[in-house]
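# Below: sequence and its predicted model.
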Amino acid sequence: MNLLIIRLIIFAALFFAGLKLYRMYREWKLDREELLESDDTRQEGGQMVRCSWCKVHVPESDALREKGEWFCSTAHLDRYLQEQKPEEKE
C-alpha cells in the first residue's frame, strides 16, 4: 500500500512539473510571436518623413516632431531650433 502512495505522489509531481514546463513554453512562444509581429509592423508600416535639418527620410514612428517639422534626432532638432532663433528676432 505504501508503494502505491509513493507512485501516486511521484506521478502527481511529474504531472505538475510537466504542466508548469508546458505553461512556460507557451508563454515564451507567445512573447516571441509578439516580438516578431512588432518587428514586422515596424519594418512594414509607418509613413516615411524627412528630417528638416539633414533631409534624411526616417519612419514616422522613430521621428521627432516640433512646430510642424520632422527631425531624425534630438541633435538635429536642437540645431534647427537654434538656427531659427536669430530669424525670429529680426
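Here it is on my side, so go on. Residues are numbered from 1 along each chain as shown.

# Can you pull up the most central residue in the chain?
residue 38 (6.3 Å; Cα atoms, centre = their mean).

# what about that one, helix or strand, and which?
helix 2-44 (DSSP states H and E).

# Past that helix, which element shows up next along the chain?
strand 48-50.

# Next SSE downstream of that following strand?
Following strand 48-50 toward the C-terminus (DSSP H and E): strand 57-59.

# What pairs with that following strand, parallel or antiparallel?
strand 48-50 (antiparallel) (DSSP bridges).

# contact partners of the strand it pairs with?
56, 57, 58, 59, 60, 63, 70 (Cβ atoms under 8 Å, 6 or more residues apart in numbering). Yep, even glycine has a C-beta here, placed from its N, CA and C like the rest.

# residues in contact with the fifth one?
It refers to residue 60. Here residue 60 is in contact with 46, 47, 48, 49, 70 (Cβ under 8 Å, 6+ apart).

# pLDDT value on the third one, please?
This points to residue 48. Confidence at residue 48, expressed as pLDDT, is 89.

# returning to that earlier point: export the contacts of strand 48-50 to TSV and tack on distance to residue 8?
Below are those laid out as TSV (distance: Cβ to Cβ, whole Å):
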residue	distance to residue 8
56	68
57	66
58	63
59	58
60	61
63	63
70	67
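
# Nearest to residue 34, out of the residues you listed: which one, please.
For the contacts of strand 48-50, the residue nearest residue 34 by Cβ to Cβ is residue 59; the value is 19.5 Å.

# my read: that closest one touches residue 46, true?
Yes. Using Cβ atoms under 8 Å, residue 59 makes contact with residue 46 at a distance of 4.3 Å.

# Under the pLDDT cut-off, which ranges of the chain? List them.
39-45, 87-90 (pLDDT under 70).

# Against residue 30, how distant is residue 66?
To residue 30, residue 66 is 38 Å away according to Cβ to Cβ, to the nearest Å.

# Tell me which of these two has more neighbours.
residue 66 (13 against 10; other Cβ atoms under 10 Å).

# Please name the bridge partners of that one.
Counting by DSSP bridges, residue 66 is bridged to residue 69.

# quick one: contacts for it?
77, 80, 81.

# most surrounded residue in those?
Neighbour-wise, the contacts of residue 66 (other Cβ under 10 Å) top out at residue 77, 21 neighbours.
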